Structure formats: C-alpha cells, structure tokens
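*Asks:* using only what follows, build the 3D model:
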Amino acid sequence: QVQLVESGGGLVQAGGSLRLSCAASGRTFNSYVMGWFRQAPGEEREFVAATSGGGGRTQYADSAKGRFTISRDNDKNTVYLQMNDLKPDDTAVYYCAARNAYWGDYSSRYDYWGQGTQVTVSS
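*Replies:* Next comes the predicted model:
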C-alpha cells in the first residue's frame, strides 16, 4: 500500500510555470513506477508523464513533451512534475499515481492514486 498526496497546483498565466509535487508514504517508494495524469472538466483522465523506480526511464504524452519534466527524489519519497510554458489547455486536476508493474508502457495500469491538485492556466 502507498498513499499519495499532491501539492503545488494553483492559478498561473499562460506562459508561466508550476512545479507539482507528490509525496508518498511507505518504505518501498523506489519500487514503484510513478506517473502524473490529468483530467479536465468533461474530459477523460489522460496520461501526462511517468518515471521508472530509479528515474532512469521516463515517458511523456505528446502534449507534455518539451514543456513538462518528471523527476523523482527517492530519498524524499517524492515525485515532481515541472511544467513550463503552460497553456490554457493544460487546465485540469492533476493526479499522481503509483504502479507496481515496472515493465511495458507506462501510460496505464496504475494501482494507487492521489486526490489531485487543481491547475488553472489563464489566457
């Protein structure tokens, strides 16, 4: 079991930046693939980015490539999402997630979810 708590959301103007954090409980944080997802009003939840347990492998949605960076600090049991050049279309609730399976595509099959943090980008 792992519990996840996101923070760092807020209101930002288009072109601005935010860094989201996700703090995880438990002693085996480095065994989990960690991902970020988002859900805009009226839309399905979508994959944003993920990183392997050791941080050596990352995967991004096309919408995040070149603007967002996922990283993790296993000593602090925390995963981050640095978001630059934000656009109004990035407005959503952002969720942190953890997955036991370390192989394959990282865009699905997550086992644990946080409660989410709101990101609003104004034009």
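*Asks:* how much space between Ala23 and Gln3?
*Replies:* 9 Å (Cβ to Cβ, to the nearest Å). Placement of C-beta: from N, CA and C, glycine included.
*Asks:* with Ala92 instead?
*Replies:* 22 Å.
*Asks:* picking that back up, more neighbours: Ala23 and Gln3, which one.
*Replies:* Neighbour totals were compared for Ala23 and Gln3, and Ala23 leads with 16 against 13 (other Cβ atoms under 10 Å).
*Asks:* tell me the bridge partners for that one.
*Replies:* On the basis of DSSP bridges, Ala23 is bridged to Val5, Thr78.
*Asks:* now Ala97
*Replies:* Under the criterion used (DSSP bridges), Ala97 bridges to Gly35, Trp113.
*Asks:* Met83 touches Gly66, doesn't it?
*Replies:* No: when contacts are counted by Cβ atoms under 8 Å, Met83 is not listed as touching Gly66 (11.5 Å).
*Asks:* between those two, which has more neighbouring residues?
*Replies:* A count of neighbours by other Cβ under 10 Å puts Met83 above the other of Met83 and Gly66, at 25 against 10.
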